[in-house]
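>>> The following comprises the amino acid sequence and a computationally predicted model.
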Amino acid sequence: MEQKFELGFRFMTLEDIPAVTELERLSFTTPWPHDAFVNELTKNPNARYVVALHENKVVAYCGMWIILDEAHITNVAVHPSYRGQKIGVRMMQKMMGVAVMFGAKSMTLEVRPSNTVARSMYVKLGFKEHGVRKRYYSDNNEDAIIMWVTLQ
């Protein structure tokens, strides 16, 4: 059953990185390390990262790079205890708004063919499949489906 609760969003800070790396560990077979997020926040001028908070706890995060008028989602994760409650949809809607705010006209991402939940969510948000990156994921050589959406 879907629960409704308050969810706040804000740009990620260095203080959020321990919680975000824990989300990575819980969500992915090849999680990004702590230093990768430090570099994204301190050295990458194209990076924008947002966290979702419930009762001051980071329950989701998403990152993207904005290059010229394109936004590329780098990673997105929702804490396992909070999945199935539309937090991913709310996070992606927030990121689409942030992308527009920074001048993006379109957004792209890669998703595993096996990740049917995420693929369904992206389609509902208007993303369309536009190709495949063969053997993209290093943990099992799974392909990646490339998806794009035009932003309003």
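Structure received.

>>> Which SSE is immediately downstream of the top helix by length along the chain?
Secondary structure of the chain per DSSP state H: the longest helix is helix 87-101. Moving toward the C-terminus from helix 87-101, the next helix or strand (DSSP states H and E) is strand 106-111.

>>> For that following strand, buried residues please.
Buried positions in strand 106-111, judged by neighbour count with 16 or more other CB atoms under 10 Å: Met107, Thr108, Leu109, Glu110, Val111. (Glycine included, C-beta is placed from N, CA and C.)

>>> Tell me what angle the longest helix of the chain forms with strand 106-111.
Computed by axes from the mean of the first three to the mean of the last three CA atoms, to 10 degrees, the angle separating helix 87-101 from strand 106-111 equals 140 degrees.

>>> what's the distance between the closest residue in space to Lys57 that isn't next to it in sequence and Glu55?
Excluding its sequence neighbours, the residue lying closest to Lys57 (CB to CB, 6 or more residues apart in numbering) is Ala19, at 7.5 Å. Per CB to CB, to the nearest Å, Ala19 is found 13 Å from Glu55.

>>> Kindly report the same for Val123.
Between Val123 and Glu55 the distance is 31 Å, computed by CB to CB.

>>> And Asn44, by the same measure?
Remark: distance between Asn44 and Glu55 (CB to CB) = 30 Å.

>>> got it, and Met92?
22 Å.

>>> Val20 now?
From Val20 across to Glu55, the span is 17 Å (CB to CB).

>>> One more: Arg25?
Distance, Arg25 to Glu55, by CB to CB: 21 Å.

>>> Can you pull out the low-pLDDT segments for the protein?
Within the chain, the stretches with pLDDT under 70 are 1-4, 136-138.

>>> Which residue ranges of it form helices?
Taking DSSP H, the helices of the chain run over residues 17-27, 34-43, 87-101, 116-124.
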